[in-house]
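> how would this look folded up:
(one chain, ligands or ions: 2)
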Amino acid sequence: MTFDLFDNLPDYDRDGGISSEPLAPGASVLRRFARAQAGALLDVVAGVAAVAPFRHLVTPGGRRMSVAMTNCGRLGWVSDRQGYRYDPVDPATGLHWPAMPRAFAVLARDAAAAAGYPDFTPDACLINRYLPGTRLSLHQDRDELDVRAPIVSVSLGVPAVFLFGGLRRADRPARIRVIHGDVVVWGGPSRLAFHGIAPLAQADHPLTGDTRINLTFRKAG
Ligand code: MD3
Ligand code: FE
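Ligands and ions are numbered 1, 2, ... in the order given. This is a model prediction of the structure:
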């Protein structure tokens, strides 16, 4: 066990540069990869949400999700009583989703390349918003046409704990703490792993208050 000099500092004061660690076959954490641009990314999220507001989707089983979601890019992920799907139109407004912002596309491509997935061109960015107590239960992401492409996730604001399981729902998940600016790339054998987010703890972040924002970039169509 190592003694961390920074253990008693808030996460957002933790020092250090970008680092990369393998998580599982095909999956890497790029610590702080998006940190320098995180404020700009949050401004872009606010711009997207002004056109396509955050909303609580309903699962096919009729349960309201505790995560609030919106999307940008050519396709957006939606759920309702009919099922899950990617749709070019936001059902809440009848408008197309806002275009993929250049800064998002570049970040997703650079992160994927750094993790060994060159030429990642996402056509969907699902934006998730977590408040204290919000959780995302274990699931697989399998609504995308081409699951050979990785998923890139960017964590902003309040820290969270990823639950990262195996290919079967019953596989006990590992817990991985992610903080503001961390990027995780999930590809290869990890692409269809079960995963989720533990209930968000109460915390205060200078850029987001009590909120966590997560961007997930996908090649959906
Ligand atoms: C592991 N979002 O939107 S991102 C989701 O933080 C989703 O909002 C979580 O799961 C969030 O579907 C977790 C991390 C993530 C995303 C996709 C994965 C982990 C993954 C796909 C395969 C394996
Ligand atoms: Fe997911």
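
> burial measure for the closest residue to Gly181 other than its chain neighbours, as a count.
Nearest residue to Gly181, sequence neighbours excluded (CB to CB, 6 or more residues apart in numbering): Arg35, at 2.9 Å. Every residue, glycine included, has its C-beta placed from N, CA and C. Per other CB atoms under 10 Å, the neighbour tally for Arg35 reads 19.

> gap between Arg35 and Pro25?
26 Å (CB to CB, to the nearest Å).

> that older thread, was I right to think the residue nearest to Gly181 contacts Val178?
No: using CB atoms under 8 Å, Arg35 is not in contact with Val178, being 11.9 Å away.

> which neighbours do those two share?
With contacts taken as CB atoms under 8 Å, 6 or more residues apart in numbering, not a single residue reaches both Arg35 and Val178.

> give me the element Ala40 is part of.
helix 38-51 (DSSP states H and E).

> say whether ligand 1 is contacted by that helix.
No: figure legend: helix 38-51 not in contact with ligand 1 (CB under 6 Å from any ligand atom); closest approach 12.8 Å.

> pLDDT (mean, whole number) over that helix?
Helix 38-51 shows a mean pLDDT of 98.

> report the mean confidence score over the helix or strand just after it.
Heading C-terminal from helix 38-51, the first helix or strand you meet, by DSSP H and E, is strand 68-72. For strand 68-72, the mean pLDDT works out to 99.

> strand 68-72 to helix 38-51, inter-axis angle?
90 degrees (axes from the mean of the first three to the mean of the last three CA atoms, to 10 degrees).

> adjacent strands (with direction) for the helix or strand containing Leu126?
According to DSSP H and E, Leu126 maps onto strand 124-130. Taking DSSP bridges as the criterion, strand 124-130 forms sheet pairs with strand 68-72 (antiparallel), strand 212-218 (antiparallel).

> for ligand 1, which of these is the nearest?
The closest of the strands paired with strand 124-130 to ligand 1 is strand 212-218. By CB to the nearest ligand atom, the value is 3.4 Å.

> is the lowest-mean-pLDDT helix or strand in the chain anywhere near ligand 1?
Sorted by mean pLDDT, DSSP states H and E, the helices and strands of the chain end with strand 19-24, the least confident at a mean of 92. No: with CB under 6 Å from any ligand atom as the criterion, ligand 1 is not reached by strand 19-24; the gap is at least 8.7 Å.
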